[in-house]
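Undergrad: next one to model:
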Amino acid sequence: MIKPVSSLSDKEISNDYLLYAKGIKVKFDSVIALDNVDFYIGKNEVVGILGDNGAGKSTLIKSLIGLYKLQSGELYINGKKKNKISPILSRKEGIEVVYQEPALIDELSITRNFFLGKELGSSKKSFKNFNSPLMEDITKKQLSKLGFDNVRNLNDPVSSLSGGQRRIIALARCFYFGKKLLILDEPTASLSEKDIEIVLDLVREAKRNGLSVIFVTHKAHEVFEVADRFVVLDKGLNYLNLDKNETSLKEMEKILISSRLAAVRELAAGVAHQIRNPLGIIKASAEVLKDDFLVTGDSDGYKNIINMMISEINTMNVVVSNFLDFAHQYKLNIKMYSVEKLIKNAIQSLPVYKFPNINIIINIPKNLSFYPLDKSLSEQVLSNLILNALQTSKNGDKIMIDAEIDDKLRISVTDFGSGIDDEVRKRIFNPFFTTKKNGTGLGLSIAHRIIDELGGLIDIQSTPGEGSVFTIEI
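TA: Now for the predicted structure:
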């Protein structure tokens, strides 16, 4: 696993890592695309970066080469800390990239695109006097390695080519010019099965030649053939970092499916929690009817009906247990964490700019510092509750966030909005429940599920017209 940068000497980083990134954070307006992400790749190593759409895969690699600005984090390339990086500087470090959308210029020829920025025979002062015959010869040979032999004229503009052909040019350029690290972002998109096998063979050849490769994909079966290690991202966060000998293709596919079904797991847990308590009451009532009430008429028929009810209730309890087993696949990551930072991170993750006239006040005792928490899950709960408070508040209102520790951590979110009546309060954690006139959603069932996962409690106190207090206890 990743060692903290602070614990490594420059010599260790230089000897062990070709590229090392620690605590990478990238934001687009109020949206956090990468949150405290760690990543490294060793020398002569192939690393697969996997995750669903929106996991942060492409954002990560674009951040590593300077296309996206880092809000925070440290980056080392070839053993040296980089306070400034750009695509041009990263190429000078021996890094070549194939993006999801091949970076080609439609109006230029196939050869010119292949040598873009690295033309032979040109000088820094002039882009004339190219060694065109040599460039065309090299381009033709490199394209042939990827099975692209049917080019009529290397002087044709790339705009005349198909999407798959354009990708092959970008791949051929990357494999030819990459000196230390190749970064391939969804390299097999738009390619035939034959072309995919050629790309995988070239990755193997690059490793044999001492290069490292980052292979970004959502197809576990492709990258599993060539990778030494796998990094899985989920919603802009580190999810897993596994050596190939620690897993299998089947397990990797399970992990990716599990990540994609996160929302379904939330729903399954919410439904299970809402069914479980009423089922318990119904079963207890049925058993009381069976044991404590005498029927003077058809007593056998009465008992059969009660037994059938209990049997069906037991069946439903099995379904509920299966729902909960399916939902509880998240491995808790409990660490000592700052309560103040937890609250501030939850607020920063929200579009608070949409509520400029609502004042959020945080009250934390000075002696309250660190507490054992699952940072990711706890922030999800708080952000849900704070967003709920923002949406119910009016301009000029304030929201109070209070925290205290008395054996357990208690955090309360108080708003002075419209309040909640008893009927709504009973249903507010139900899946798909919403107080909006149109639409459905998971409501606050996600918060309820997470608090249950953490072994805590959540409580609501509310008076219609005077506001609400949501309190979580962990």
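
Undergrad: low-scoring stretches of the stretch 351-474 of the chain, by residue?
TA: Along the stretch 351-474 of the chain, the parts satisfying pLDDT under 70 run over 430-443, 445-446, 449.

Undergrad: now the strands for the stretch 51-200 of the chain?
TA: All strands of the stretch 51-200 of the chain, identified by DSSP state E, counting those that start in this stretch, fall at 72-77, 80-81, 95-98, 181-185.

Undergrad: please point out which parts of the first one sit buried.
TA: So the one you mean is strand 72-77. The neighbour-count check on strand 72-77 (16 or more other Cβ atoms under 10 Å) flags 73, 74, 75, 76, 77 as buried. In short, each C-beta sits where N, CA and C put it, glycine included.

Undergrad: could you give the angle of it to strand 181-185?
TA: 130 degrees (axes from the mean of the first three to the mean of the last three Cα atoms, to 10 degrees).

Undergrad: so which of the buried residues of strand 72-77 would you say is closest to residue 285?
TA: Relative to residue 285, the closest of the buried residues of strand 72-77 is residue 73; by Cβ to Cβ it sits at 57.5 Å.

Undergrad: and the gap between the closest one and residue 85?
TA: Distance from residue 73 to residue 85, counting by Cβ to Cβ, to the nearest Å: 11 Å.

Undergrad: repeat that for residue 296.
TA: Counting by Cβ to Cβ, the gap from residue 296 to residue 85 is 87 Å.

Undergrad: neighbour-wise, which of those two wins?
TA: residue 85 (19 against 6; other Cβ atoms under 10 Å).

Undergrad: mind giving me the domain ranges of this structure?
TA: For the chain, the structural domains run 262-327, 334-473, going by automatic domain parsing.

Undergrad: the ones you listed: which one's closest to residue 133?
TA: Taking Cβ to Cβ, domain 262-327 is the member of these nearest to residue 133, at 55.3 Å.

Undergrad: what's the average pLDDT for the closest one?
TA: Mean pLDDT, domain 262-327: 72.

Undergrad: also stretch 229-242?
TA: 88.

Undergrad: which residues are contacting that stretch?
TA: Contact partners of stretch 229-242, identified using Cβ atoms under 8 Å, 6 or more residues apart in numbering, comprise 1-2, 32-39, 45-52, 54-57, 59-60, 223-224, 243-244, 247, 252, 255-256, 259, 262, 376.

Undergrad: about what we covered before: now the domains of the chain as a markdown table including distance to residue 66?
TA: Formatted as a markdown table, those follow (distance: least, Cβ to Cβ, whole Å):
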| stretch | distance to residue 66 |
| --- | --- |
| domain 262-327 | 31 |
| domain 334-473 | 24 |
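
Undergrad: winner for burial among those domains?
TA: domain 334-473 (a mean of 16; mean count of other Cβ atoms under 10 Å).

Undergrad: just the terminal-to-terminal distance for that one.
TA: 15 Å (Cα to Cα, to the nearest Å).

Undergrad: buried sites along stretch 172-192?
TA: Along stretch 172-192, these residues count as buried under the neighbour rule (16+ other Cβ under 10 Å): 172-178, 180-188, 191.

Undergrad: among these, name the ones in helices.
TA: 172, 173, 174, 175, 176, 177 (DSSP state H).
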